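Student: mind looking at a prediction? Sequence and model below.
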Amino acid sequence: MGLLVISLSSCKDFLDMTPTNSADADQAIKTPKDAAVVINGIMRSMTSSSYYGRDFLLYGDAKGGDFTVFSQGRGSDGLYTFNHAANIGSYASFWSQIYYCILQVNNLLENIEKQEASGVTGFNTIKGQALTARAMMYFDLVRLYGKVYDQDKSAFGVPLVLTKLTTDVQPLRATVEQNYIQIVKDLTDAAPLLPKTKINGYINYYANKATLAKVYLYMKSYGEALTAAEEVINAPSMYTLYTNANWVSSWTTQYGSESIFELAMVPLENDLGNSSLGIYHRRRSHGVTAALGFFVASDYFIARLNQDAADVRKGVMAADEISTTRMGALYKYSGNTALAGDGKAGNSTAVNIKVIRLSEVYLIAAEAALISDPAKAVGYLNAIRKRAPNLAPATAGTINLDMILQERSKELYGEGHRFFDMMRTNQTIEFNDEVGALSVPHRTKTINRTFYKTILPIGDAELNANPPIRAQQNPGY
């Protein structure tokens, strides 16, 4: 058995959201309306607790030094402690869930191709969304399992599965470079198929371009990253940055003016309830006893945010269980500190996941322009930096990468970016283990991207299902 079998057997029936009750998905996708139902299922699969619904976003901050753990054993602290091995703590659900999503996409694309060959039209938008989603999925996988692009492009990335596979196929890992080539190809192929209008909860042209800008930033293709980012920033009447006065309240709103790609979390459908991000970030026992104070902000992050007492982003922080004055609990995913949610009949756990926001695109543009056009970089950085109104604006003489990374930390806290930012820019991460007097035998207090556990092991389930890939296990495991 190969990757296909293990992915499907570890999740759910393939294409569980089909427009008919037929088990044969080839027969289910006949029209654009059928394809739209399947893309809806793919978006729902992306909100799994093993993906954007929770764990993937926790991964980026727990491992990046902006989070810390006050008390071990409450859940997911293995991310913070880097307690990873192939047979335990592998977080293999990332592999199985994301490949499950990819397999849904591949099935959809193959069926669209069959229908188009027979003369059926009207699939362009769905095809563009599927290709963009697949690019995002592979981008996420290669960042979890492969080395940073400029660290070693020839190192193993992840298997490239672009078609439906038979059960006896055992795909091997492509290189990091091959993964990125495919990611860029999918995004490039998808762009002309997508509408330049908003589609709440789904991918449009500008979500595609924002993703492409981010991918190029990781590749250090700064000119291409800037071009893609500026196309989003300059999109006429599409997106606007929140003002300081409405930044905090924006988290109580679905599909706001900064939201470029937002995944819907629907009560009684894909709402994770007491396993949601909102519950994981709240102060212990706030609202429900299931809120255990899983993660709190590190002292380092709090000091960064406290550089300006008037920073509007402090408005989504509240006291954690450590003290009544330590503002280490995050409330983006509860709507606000009063647990308002985002307008879904008072259900504060079903808060949408804002995957790509305009503020991130501004910060991508700032970093991409830093070397070639510092004055332009200053403009993009200051548009976000002014959320701390008492901090001196950046100038062409003061702007640097560290300033941009600090701003990314403050603006995107809790949204799953910090660890990846630190790795791709070759920074050292320092962990705030002192907050909980933690015993952390699996890593040192500081790490950099040479530490082997900064990429995950391939889990035993996949190694057993696909024996040839065992020889391609990540080093150290």
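Tutor: Perfect, I can see it now. Numbering: from 1, shown residues only.
Student: so residue 126 touches residue 108, yeah?
Tutor: Yes: at 7.4 Å, residue 126 and residue 108 qualify as touching, with contact defined as CB atoms under 8 Å. No exception for glycine: its C-beta is placed from N, CA and C like everyone else's.
Student: shared neighbours, those two?
Tutor: 35, 38-39 (CB atoms under 8 Å, 6 or more residues apart in numbering).
Student: most neighbours among these, please name it.
Tutor: residue 35 (26 neighbours; other CB atoms under 10 Å).
Student: residue 331 versus the nearest residue to that one once chain neighbours are set aside, what's the distance?
Tutor: Nearest residue to residue 35 in three dimensions, chain neighbours excluded: residue 126, at 4.3 Å (CB to CB, 6 or more residues apart in numbering). Distance from residue 126 to residue 331, counting by CB to CB, to the nearest Å: 35 Å.
Student: one more: residue 421?
Tutor: 22 Å.
Student: which helix or strand contains residue 321?
Tutor: For residue 321, there is no host helix or strand (DSSP states H and E).
Student: dump the residue contacts of it.
Tutor: Neighbours of residue 321 in contact, by CB under 8 Å, 6+ apart: 70, 283-284, 293, 296.
Student: for it, grab phi and psi.
Tutor: Residue 321 adopts backbone torsions of phi -80, psi -10, taken as degrees, to the nearest 10.
Student: equivalent analysis for residue 261, please.
Tutor: Per degrees, to the nearest 10, the backbone of residue 261 is at phi -140, psi 120.
Student: partners of it in the sheet?
Tutor: Residue 261 forms beta bridges with residue 356, as assigned by DSSP bridges.
Student: that one is in contact with residue 209, isn't it?
Tutor: No: judged on CB under 8 Å, residue 261 makes no contact with residue 209 at a distance of 10.8 Å.
Student: neighbour count winner among the two?
Tutor: Applying other CB under 10 Å to residue 261 and residue 209 shows that residue 209 carries more neighbours, namely 26 against 22.
Student: residue 184 versus the more buried one, what's the distance?
Tutor: Taking CB to CB, one finds residue 209 at 12 Å from residue 184.
Student: also residue 387?
Tutor: 32 Å.
Student: more crowded one of these two?
Tutor: The residue with more neighbours, out of residue 387 and residue 184, is residue 387; 22 against 18, by other CB under 10 Å.
Student: count of neighbours near the closest residue to the more buried one other than its chain neighbours?
Tutor: Distances taken as CB to CB, 6+ apart put residue 312 closest to residue 387, at 5.0 Å, once the chain neighbours are dropped. By other CB under 10 Å, the residues close to residue 312 number 18.
Student: touching, residue 312 and residue 249? I think so.
Tutor: No: using CB under 8 Å, residue 312 makes no contact with residue 249, being 10.3 Å away.
Student: residue ranges in the protein under the pLDDT threshold?
Tutor: 1-27 (pLDDT under 70).
Student: OK, contacts around residue 222?
Tutor: 216, 367-372.
Student: circling back: which of residue 421 and residue 331 has more residues huddled nearby?
Tutor: Neighbour tally, residue 421 and residue 331, criterion other CB under 10 Å: the higher count belongs to residue 331, 25 against 21.
Student: and the more buried one, what is it in contact with?
Tutor: 251, 278, 281-282, 316-318, 337, 339.
Student: repeat that with 10 Å
Tutor: 248, 251, 278, 281-283, 286, 315-318, 337-340, 348, 351, 414 (CB atoms under 10 Å, 6 or more residues apart in numbering).
Student: please report phi then psi for the residue nearest to residue 387.
Tutor: Torsion angles, degrees, to the nearest 10, at residue 312: phi -60, psi -20.
Student: one more: residue 305?
Tutor: phi -70, psi -30.
Student: surely it meets residue 326?
Tutor: No: Residue 305 is beyond contact range of residue 326, at 12.0 Å (criterion: CB atoms under 10 Å).
Student: related to what we said a few turns ago, okay, and the common contacts of residue 312 and residue 249?
Tutor: residue 242.
Student: wait, what's in contact with residue 129?
Tutor: 35-36, 39, 42-43, 105, 108, 190, 193-195, 199, 202-204, 207-208.
Student: what's the answer for residue 242, then?
Tutor: Counted by CB under 10 Å, 6+ apart, residue 242 has contacts 248-251, 253, 256-258, 312, 357-359, 387.
Student: would you mind measuring from the residue nearest to residue 387 to residue 469?
Tutor: 47 Å.
Student: ok, now residue 197?
Tutor: Counting by CB to CB - residue 197 and residue 469 are separated by 42 Å.
Student: comparing these two, which residue is more hemmed in?
Tutor: Using other CB under 10 Å, the more surrounded residue of residue 197 and residue 469 is residue 469, with 19 against 9.
Student: who's in contact with that one?
Tutor: Here residue 469 is in contact with 2-3, 156, 159, 170-173, 458, 462-463 (CB under 10 Å, 6+ apart).
Student: top of those by neighbour count?
Tutor: residue 159 (27 neighbours).
Student: after the longest helix seen in the chain comes which helix or strand?
Tutor: Longest helix in the chain, counting residues (DSSP state H): helix 92-117. Remark: after helix 92-117, the chain's next helix or strand is helix 124-145, criterion DSSP H and E.
Student: orientation of that following helix relative to helix 92-117 in degrees?
Tutor: 150 degrees (axes from the mean of the first three to the mean of the last three CA atoms, to 10 degrees).
Student: what number of residues lie near the residue nearest to residue 380 when sequence neighbours are not counted?
Tutor: Of all residues not flanking residue 380 in the chain, residue 366 sits nearest, at 3.9 Å (CB to CB, 6+ apart). Residue 366 has 29 neighbours, counted by other CB under 10 Å.
Student: give me the element residue 366 is part of.
Tutor: Assigned by DSSP H and E, residue 366 falls in helix 358-369.
Student: re earlier: return the set of buried residues in the longest helix of the chain.
Tutor: 92-109, 111-112, 115 (16 or more other CB atoms under 10 Å).
Student: wait, residue 371 sits on residue 401?
Tutor: Yes: contact criterion CB under 10 Å: residue 371 and residue 401 qualify, at 9.5 Å.
Student: all strands for the stretch 251-400 of the chain, in order.
Tutor: 259-263, 296-297, 317-318, 329-330, 353-357 (DSSP state E, counting those that start in this stretch).
Student: using JSON lines, lay out the ones you listed together with distance to residue 235.
Tutor: As requested, the strands of the stretch 251-400 of the chain are exported to JSON lines (distance: least, CB to CB, whole Å):
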{"stretch": "strand 259-263", "distance to residue 235": "9"}
{"stretch": "strand 296-297", "distance to residue 235": "33"}
{"stretch": "strand 317-318", "distance to residue 235": "31"}
{"stretch": "strand 329-330", "distance to residue 235": "30"}
{"stretch": "strand 353-357", "distance to residue 235": "13"}
